[in-house]
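I'll drop the sequence and a predicted model, then ask my questions.
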Amino acid sequence: MLKIDQIKAGYGEGDVLKGVCFTAHTGEVHGILGVNGSGKTTLFRVLNDWLSKSEGTATFLDDELEGYDIGFLETDPYFYPYMKGKEYLGLLKMKNENYNIESWNAIFDLPLDQLADEYSTGMKKKLALLGLLAQDRPVLILDEPLSGVDIESNVKFQEIILRLKESGKTILLSSHMLTALTAICDKISLLSGGVITKTYQKEEFSNLEKLITAQIKEDLDQQLDELF
Amino acid sequence: MIGITTILRLRSHQGYRMLRSVGWPLLILGVPMIAVLSLGVVERSTDGYSMSLLFGLGVVSLHNYRKDHNHLRLLGYQPRLVCMIEYLIIAVFLGMMTWLLVGNYSNLLLMALTSLIVAHLPNVSWAGIKKRLFFPVSWIPLRDFEYRSGMRISGWLVVVLISFGALVAYSSPIVPIVSVIMISITATSWHMAFEPIAMIDLQQRATQFLLSKIIKSLKYLLLFFLPIGVAYLIHYSELWYLFVVVALFGILINSFAIFYKYTGYHPSRESAHGEMAVGLFSMCSLVPFFAPVCLFYLVVYFRKALSNLNTILC
């Protein structure tokens, strides 16, 4: 179980995260939903220890969450210059003998003999996902995994995430695509104003879509009323 | 002309930001060093032509390195004109300095002429050419990814330098020495890019991590220096210590590059942008008087790198 308790963090003056609390169970996909700048990436950076938290704790299976527990898929992954895709995966395979590069790549058919830093955005994301699978970490944090990939890969990504969940991984996921989130996640937490305002269970998802759409329309109506 | 002044103002801002990125202490140390080194070069040639040669080499590599020709065109500037003005400013500064020091005004004319010629040279896109000329790197283990990546891009240069240093060593002891210096400087550039965090084994101690990087650097540098060293010792065995000093210089600047990289390492950034800092450190290291200061800086950056890595490694 991944337990996030009262995490506060920010960049300089003022906290972006003002006491984030939620729990993600093992074998669960927990979605984090929020508008741009709500602190989703900041939260993920804090969990990865890339950014210091001023307060709060993050525990996994009752121990402090460590960097080596986490596999992180960034929004815009980057790769070492002049390094081939095959070499990147080969390096990660050294720590996971069971990982078969060719079998996994058969899903995406990436040109692994090409330099990874010359891949397109979508290809980079696919390579980063393959790398994440090679790492085989118990906690997976996926920041906007579906943005920048084509429709076919989108479906493949979603299927892989569901299989990872079934294999017992604890998955945190953020996305702007509500339909994708509701299709994959078991719970969705709404991050707003630096705190989790509400966590929705699967049975409430249809309601969530309506609620969010209604909220957006209401806000937009007010703005448009002022403009017209 | 207003357009050009805007570009020049932009360049001065870029230059200022680059200098600031180095850090004031190293800058305070480095700038006088560049002056001392330049004076040394001028002093060694009574007519100051060595300075013109250095300027020429510098401006040609700068011209090849720059990637702003298309951007300048989009902004409505003539790239050749911008290049010419920028190179001329440097030429006038260096030319005047050389004139004052050796009393030979022809260097000023020579530098100005070089600026005009280089500005009109085509700005070749090396990316495509380099890709076809990649140095074979399958003999380098995957875990030495910095050297795979580095050799892929500048492996041919290293091979040329090794061959030149070893085969032409008979002509002068300076040839192998210069080869070793140039190989060392080339290798520092391989330590500028940050690896994604997935490529780092997080379950190791910071000292262990840095030590493994230094050992790796030593391994490759010694491999590169070996053929040159053998040729040098055959011809100038009585000057063996000179080669040792230069090899130590190579190890020193590469260690500094590694420490500098991991001082600034952050998983969400892509590069240390340490070319300027490592360049200044290298120049300082070449002046024996400043060797203790360089060693001091090496220790400072080693400690900084340790402290930064301690926050990332578990």
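Thanks, I have the structure now.

how far does stretch B:306-314 sit from the chain's center?
Centroid displacement of stretch B:306-314 relative to its chain, using Cα atoms, centre = their mean, to the nearest Å, is 27 Å.

What of stretch B:273-284?
The gap between the average C-alpha position of stretch B:273-284 and the chain average comes to 7 Å, counting by Cα atoms, centre = their mean.

can you map out the strands along chain A?
Here chain A has its strands, by DSSP state E, at A:2-9, A:17-24, A:29-33, A:55-60, A:63-64, A:70-73, A:139-143, A:170-174, A:187-192, A:195-201.

got a markdown table for the ones you listed, with mean neighbour count too?
In short, each C-beta sits where N, CA and C put it, glycine included. Listed next are the strands of chain A as a markdown table, based on neighbours: other Cβ atoms under 10 Å in any protein chain shown:
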| stretch | mean neighbour count |
| --- | --- |
| strand A:2-9 | 20 |
| strand A:17-24 | 19 |
| strand A:29-33 | 25 |
| strand A:55-60 | 16 |
| strand A:63-64 | 9 |
| strand A:70-73 | 24 |
| strand A:139-143 | 24 |
| strand A:170-174 | 25 |
| strand A:187-192 | 20 |
| strand A:195-201 | 15 |
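
Quick check: residues of chain A near chain B?
Taking Cβ under 8 Å from any Cβ of the partner chain as the test, the list of chain A residues beside chain B reads A:45, A:48-50, A:52, A:66-68, A:71-72, A:74, A:77-83, A:87-88, A:90-92, A:94-95, A:115, A:128, A:131-132, A:135.

follow-up on the earlier one: will you turn the strands of chain A into TSV that also has mean pLDDT?
Compiled in TSV, the strands of chain A are given as follows (pLDDT from 0 to 100):
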stretch	mean pLDDT
strand A:2-9	92
strand A:17-24	92
strand A:29-33	93
strand A:55-60	92
strand A:63-64	90
strand A:70-73	94
strand A:139-143	95
strand A:170-174	94
strand A:187-192	90
strand A:195-201	89
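
Among the residues of chain A next to chain B, filter down to the buried ones and hand me the ChimeraX syntax, if you would.
Those of the residues of chain A next to chain B that meet the burial criterion (16 or more other Cβ atoms under 10 Å in any protein chain shown) are gathered into one ChimeraX selection, given here:
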select /A:45,48,49,50,67,68,71,72,74,77,78,79,80,81,82,83,87,88,90,91,92,115,128,131,132,135
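
returning to what we had before: could I get the strands of chain A as CSV with distance to B:Tyr16?
Listed next are the strands of chain A as CSV, based on distance: least, Cβ to Cβ, whole Å:
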stretch, distance to B:Tyr16
strand A:2-9, 32
strand A:17-24, 35
strand A:29-33, 40
strand A:55-60, 38
strand A:63-64, 43
strand A:70-73, 35
strand A:139-143, 34
strand A:170-174, 38
strand A:187-192, 39
strand A:195-201, 41
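
A:Glu87 and B:Pro141 touch, don't they?
No: A:Glu87 lies out of contact with B:Pro141 (Cβ atoms under 8 Å); the separation is 10.6 Å.

Show me chain B divided up by domain.
Following the assignment in automatic domain parsing, chain B carries domains at B:2-119, B:127-310.

For chain A, tell me whether the last one is touching it.
So the one you mean is domain B:127-310. Yes: for domain B:127-310, a contact with chain A is found by Cβ under 8 Å from any Cβ, at B:131, B:142-143, B:145, B:148-150, B:152-153, B:193, B:195-199, B:201-203, B:266-268, B:270.

Chain A contacts on the stretch 1-150 of chain B?
Counting by Cβ under 8 Å from any Cβ, the residues of the stretch 1-150 of chain B lying close to chain A are B:131, B:142-143, B:145, B:148-150.

among the residues you listed, which ones are buried?
When these are checked for burial by 16+ other Cβ under 10 Å, the buried set is B:142, B:145, B:148-150.

Can you get me a residue count around A:Pro145?
The local packing of A:Pro145 (other Cβ atoms under 10 Å in any protein chain shown) involves 27 other residues.

Same check on the one 3 residues further on?
By other Cβ under 10 Å, the residues close to A:Gly148 number 18.

correct me, but it touches A:Met123?
No: checked against Cβ under 8 Å, the pair A:Gly148 and A:Met123 is beyond contact range at 9.6 Å.

all helices for chain A, in order.
In chain A, the segments counted as helices under DSSP state H are A:40-47, A:85-93, A:101-108, A:121-135, A:151-166, A:178-184, A:205-227.
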